[in-house]
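What shape does this take:
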Amino acid sequence: MAWPGEAEAWDALTQLCPDETRVNAKVLFNPHNSTYVLNCFGQDIFVSLNDRDIYSNSALGQVLVNQYAEYSHLSILKYLIHSRDLPCSGQMIPPFDLPGGDIFVKGTHILPLDDIAGCFDGNVDKFVKTGKNLAGTQLEYGDMSFKLFPFPRVPVVIIVWEGDEEFPAKATLLLDAGCVSQIPTEIVWSTAMMSVKMLLQSARGK
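Numbers count the residues shown, from 1 in each chain. Coordinates of the predicted model:
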């Protein structure tokens with residue numbers, strides 16, 4: 001199934017110089033079969049220009065490109081098209097602080113962070129195992145936190161505070177302030193959403 005905008009994205013990607021895209025996106029490119037190899041959450045994702053196909057050989061990678069195709073396919077293509085050879089800013093901010101980030105506080109665009117909080121509340125070991133399954137880096141924020149890489153130049157930080165008698169468990173997602181230099185504003189939401197979905201999927205042991 002082709003998602004809206006996907007055909008146009010494939011057209012744009014095939015027009016780019018693979019060597020420049022390889023450097024800009026921090027990916028590999030196999031000239032023999034015209035396929036990019038992109039690392040998402042520690043999973044190798046293959047993007048075949050000849051077949052216009054996105055696939056993976058790992059279980060979690062297959063979940064990303066098949067079960068969560070509505071978030072991942074266009075995001076992957078747009079990342080390859082728009083990424084630049086620029087370092088991360090190092091400043092992690094809430095997504096609603098990004099340009100156009102007001103969509104994160106509206107209706108169906110609100111991230112299901114309560115699901116993250118409920119999944120890991122009182123279970124640091126589970127959170128650590130889950131984050132490592134996605135090649136994350138453990139951080140010192142909150143009661144538990146990980147930095148994940150949905151794309152090589154787009155880090156995401158997820159922080160969980162455990163609940164107590166006074167306050168329920170809470171989760172927060174942060175994005176690098178420079179992420180809009182790597183992906184279009186409209187792709188920031190789907191990238192954040194697939195980060196939440198993949199963390200929950202990994203927690204289920206799949």
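
quick check: domain ranges of the chain?
Following the assignment in automatic domain parsing, the chain carries domains at 6-82, 92-203.

can you list those in JSON lines and add mean neighbour count and mean pLDDT?
Heads up, the C-betas are built off the backbone N, CA and C, glycines and all. Output for the domains of the chain, formatted as JSON lines (neighbours: other Cβ atoms under 10 Å; pLDDT from 0 to 100):
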{"stretch": "domain 6-82", "mean neighbour count": "17", "mean pLDDT": "96"}
{"stretch": "domain 92-203", "mean neighbour count": "18", "mean pLDDT": "91"}
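
What helices and strands are in contact with the biggest helix by length in the chain?
As assigned by DSSP state H, the longest helix anywhere in the chain is helix 185-203. Applying 3 or more Cβ pairs under 8 Å, 6 or more residues apart in numbering; DSSP states H and E, one finds that helix 185-203 makes contact with helix 59-62, helix 69-82, helix 113-120, helix 124-133, strand 144-151, strand 154-161, strand 170-176.

Show residues contacting stretch 27-43.
18-19, 21-22, 25, 44-50, 56, 58, 60-61, 64, 72, 76, 79-80, 133-136, 148-152, 195, 198 (Cβ atoms under 8 Å, 6 or more residues apart in numbering).

What distance do you get for the closest residue to residue 90 other than its chain neighbours to residue 148?
The shortest distance from residue 90 to any non-neighbouring residue, by Cβ to Cβ, 6 or more residues apart in numbering, is to residue 176 (7.3 Å). With distances taken as Cβ to Cβ, to the nearest Å, residue 176 is found 12 Å from residue 148.

shared neighbours, these two?
residue 155.

wait, what's in contact with the residue nearest the centre of the chain?
What sits nearest the mean C-alpha location of the chain, by Cα atoms, centre = their mean, is residue 150, with 2.8 Å. Listed by Cβ under 8 Å, 6+ apart, the contact set of residue 150 reads 40, 41, 75, 156, 191, 194, 195, 198.
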